[in-house]
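**Q** Please work out how this folds:
(4 chains)
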2 protein chains.
Amino acid sequence: MGRRKVTINTVAESARVSRQTVTNALLHPERVRPETLSRVQTEIVRLGYRPSAAATSLRSQRAGAIGVELNVLGPDYHNAMMAPFLGALSTGSRAHGVAIVTFGSDSRVPTIDSYEQMWESQAVDAFVIADTHPGDPRPAWLHERGIAFASFGRVWDDPTFTRWVDVDGRHGTSEAVEHCVAHGYTRIGYFGSPAGTSVVGDARREGWDQARRRHDVAVPTKAHFAPDELDAASVAADRVVADVGIDGAVVCGSDVLALAVLHAVWRAGLQPGSDVGIVGFDDSELARMHGLSSHAQPMTAIGDHVLRLISDALAGRPERTDGILLEPRLTVRSSTRHAGTHRPTDNSEPTAPLTKEK
Amino acid sequence: MGRRKVTINTVAESARVSRQTVTNALLHPERVRPETLSRVQTEIVRLGYRPSAAATSLRSQRAGAIGVELNVLGPDYHNAMMAPFLGALSTGSRAHGVAIVTFGSDSRVPTIDSYEQMWESQAVDAFVIADTHPGDPRPAWLHERGIAFASFGRVWDDPTFTRWVDVDGRHGTSEAVEHCVAHGYTRIGYFGSPAGTSVVGDARREGWDQARRRHDVAVPTKAHFAPDELDAASVAADRVVADVGIDGAVVCGSDVLALAVLHAVWRAGLQPGSDVGIVGFDDSELARMHGLSSHAQPMTAIGDHVLRLISDALAGRPERTDGILLEPRLTVRSSTRHAGTHRPTDNSEPTAPLTKEK
DNA sequence: CTTACACATTTGAACCTTCAAATCGCCCCT
DNA sequence: AGGGGCGATTTGAAGGTTCAAATGTGTAAG
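**A** As a prediction, the model looks like this:
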């Protein structure tokens, strides 16, 4: 429509210099005499000049864009984590001078067709992949073609690839245990997905396991696993609550599971927080709504690092020696406000386990 | 990196024709002799030629992209519906030959700065806006500049603007009431955000109001409103459950609120579904997890229509006389499986209200 | 006073596509 | 046989930017 057309030539004429000087003023200011520079800059601002993305892209042979796949048919958690992640990428993209382009496949099976399409049309310079898992075909495919990419989530199949950012789930659940110990909960159980089901889930379980050993916290039996089925999950939640008992706490692999534990606590006639502590993971709307303590993934930092890794890859800078592991931040809410003495994180001798009620 | 460089000239040479013939083969096949056409097409496929997005964009003076703002700091609801919506747009974008570019502002206050930036850099031809509300500055701003856009959500301030797609919340809650009546629930209450708080919420409340009048369903008091605070919302949920009583049902303005009602039903010692019906809205993970009947927004259709409206605007086609109002689809789960007689949607004489327990 | 050299700035070229206009080859008609 | 007309195809040009090379200006050295 009525888009005004301020090109580099408009600015050049106005500032009575050549186009190249305008380019230099923007890209290599040190090459331009200060006096000229300020004159050009003034005109740029006055006219509201912005380089045409298309022309820049054509000349530099770079799309100036990064592709991100959105899987509509994927699992719920995909959408739940993807929205804030995309938001962080989109917000950070401006500073990096790139655009974020989303794409999705309409095919039911997750193929790499859509990646190929995006790449062939030269609409993107690189990709961001998320939700990686062992056996994921995308890293190998991208690597074969020498396509730059970075990942939110470790790339499991290729230990030499370090352009990834991940959240340290192990540290998170470990910190959760320490938080519970510090608040006087004496028996600390874990409620998460069965071992081997998901790499993310396993790391979270390990964090709990290490921390409770380190603090010598009494543990009811072993970690409890939540089946997918609602009814079965409820039963499992009831059991873990019964096992930790009053003054116990349950560290959970996700907020959804924490909600199941919250329900179990209610069913047992107990008060969350004062009787039984609950810690979720991901700090979703769910946790905020129900006063559940939970770990938030530092999305802004994640997005920023991912963009930086992409820049590195595009600039041909060497890979780091390790991936980037960020720590989640625990938000404390009423679900871990214990009725008992609030004592700092020193020696916390476990008290005798109480019997479960109801 | 090692991106192979198949341009239109590569194809032209291989097929021993000129560049323009290749262009014609792609854009105006009828202008090319069938014999030549097939020869060119063969080469295009063999070489894997795809027109460069940048060059096309530069020549045609079109970015070939549509901008979508992602507001990281917005309300949770925003993000919850935004991910599937973006997924639908991304999936549909290929068929429309456009790219979806997301952007966000890092400023804490929601401004239109980011829109201006996007527009000025000529990175997009049009915008999709979502989460419109009365007083939204974006439609007017876009309109003033003659920038093409379409909206997911009615544009309240400008009745003459019809390039929007929305979900008929009124119809949804109305259908929910009828569903409950058909399943033998005799008293049907509503639990949603206070009137005037949100236009979306108001529409949903109206749907309930109209339907319960139409069916002459006994209603406890009036619609109940859920405050933002967790504790207050719980109290309100307890009240609405007490009011509808056994064989009653509660139609909710969102799944989150439906969950609050579910909790209230539990607190009352009742069984969801068999004792008290619950219907949510948006068919989120929450609803699926807890067996709550809920309305799903037809995201694929919404995305498709939005893209079509944008195409219309860019092609200069006239606006429709009305916006597009799509009906949500009710997914029935255990929360509306009534214990009583299952009778079809005929005369359903309300039975005497029962007293609440506990 | 001339030459050399550093620095500031300008010109030429290329990136790839597509619209508009020109050319080519062919058949038909006079 | 030459010209008109038509469809198929080619050539010219433009779109905005940036790299590489060339030009211009000023100062210091010879």
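**Q** State the distance from the residue in the stretch 251-358 of chain A that DNA strand D sits nearest to to A:H96.
**A** Closest residue of the stretch 251-358 of chain A to DNA strand D, CB to the nearest atom of the strand: A:A315 (12.7 Å). The way it works is simple: take the backbone N, C-alpha and C, and place the C-beta from them, glycine included. Shown here: A:A315 relative to A:H96, a distance of 11 Å by CB to CB, to the nearest Å.
**Q** tell me the SS of A:I66?
**A** strand (DSSP: H, G, I helix; E, B strand; the rest coil).
**Q** Please identify the buried residues of the host helix or strand of A:D304?
**A** Here A:D304 sits within helix A:299-315, counting by DSSP states H and E. By neighbour count on 16 or more other CB atoms under 10 Å in any protein chain shown, the buried set for helix A:299-315 is A:299, A:301-313.
**Q** Can you name the next helix or strand after that helix?
**A** Next along from helix A:299-315, by DSSP H and E: strand A:324-326.
**Q** Strand partners (parallel or antiparallel) of that following strand?
**A** With DSSP bridges as the test, strand A:324-326 is paired with strand A:164-167 (parallel).
**Q** could I get the partner strand in PDB with only the CA atoms?
**A** Output of strand A:164-167 as PDB, limited to C-alpha atoms (Å, rounded to 0.1, in the frame of the first residue of the first chain):
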ATOM      1  CA  TRP A 164      22.900 -26.400  22.500                       C
ATOM      2  CA  VAL A 165      21.300 -24.700  25.500                       C
ATOM      3  CA  ASP A 166      19.500 -26.700  28.100                       C
ATOM      4  CA  VAL A 167      18.100 -26.400  31.600                       C
END
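**Q** which residues sit against that strand?
**A** A:132, A:150-155, A:297-298, A:302, A:305-306, A:309, A:323-328 (CB atoms under 8 Å, 6 or more residues apart in numbering or on different chains).
**Q** A:T7 reaches A:S52, doesn't it?
**A** Yes. Counting by CB atoms under 8 Å, A:T7 sits close enough to A:S52 to count as a contact (7.3 Å).
**Q** distance between the helix ranked longest in chain A and the chain's centre?
**A** Assignment by DSSP state H gives helix A:76-96 as the longest helix of chain A. Put simply, helix A:76-96 sits 8 Å off its chain's centre (CA atoms, centre = their mean, to the nearest Å).
**Q** Determine if any part of stretch A:106-123 is in contact with chain B.
**A** Yes. Using CB under 8 Å from any CB of the partner chain, stretch A:106-123 comes into contact with chain B via A:106, A:114, A:117, A:119-123.
**Q** if we can go back for a sec, dump the C-alpha coordinates for the longest helix of chain A into PDB.
**A** The C-alpha trace of helix A:76-96 is given here as PDB (Å, rounded to 0.1, in the frame of the first residue of the first chain):
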ATOM      1  CA  ASP A  76       1.000 -30.600  24.900                       C
ATOM      2  CA  TYR A  77       4.200 -29.800  26.600                       C
ATOM      3  CA  HIS A  78       5.600 -28.900  23.300                       C
ATOM      4  CA  ASN A  79       3.200 -26.000  22.900                       C
ATOM      5  CA  ALA A  80       3.500 -25.100  26.600                       C
ATOM      6  CA  MET A  81       7.200 -24.600  26.400                       C
ATOM      7  CA  MET A  82       7.300 -23.400  22.800                       C
ATOM      8  CA  ALA A  83       5.300 -20.300  23.300                       C
ATOM      9  CA  PRO A  84       7.600 -18.600  25.800                       C
ATOM     10  CA  PHE A  85      10.600 -19.900  24.000                       C
ATOM     11  CA  LEU A  86       9.500 -18.400  20.800                       C
ATOM     12  CA  GLY A  87       8.600 -15.200  22.600                       C
ATOM     13  CA  ALA A  88      12.200 -15.000  23.900                       C
ATOM     14  CA  LEU A  89      13.600 -15.700  20.500                       C
ATOM     15  CA  SER A  90      11.400 -13.100  18.800                       C
ATOM     16  CA  THR A  91      12.200 -10.500  21.400                       C
ATOM     17  CA  GLY A  92      15.900 -11.200  21.200                       C
ATOM     18  CA  SER A  93      16.000 -11.400  17.400                       C
ATOM     19  CA  ARG A  94      16.000  -7.700  16.800                       C
ATOM     20  CA  ALA A  95      19.200  -7.200  18.700                       C
ATOM     21  CA  HIS A  96      20.800  -9.900  16.600                       C
END
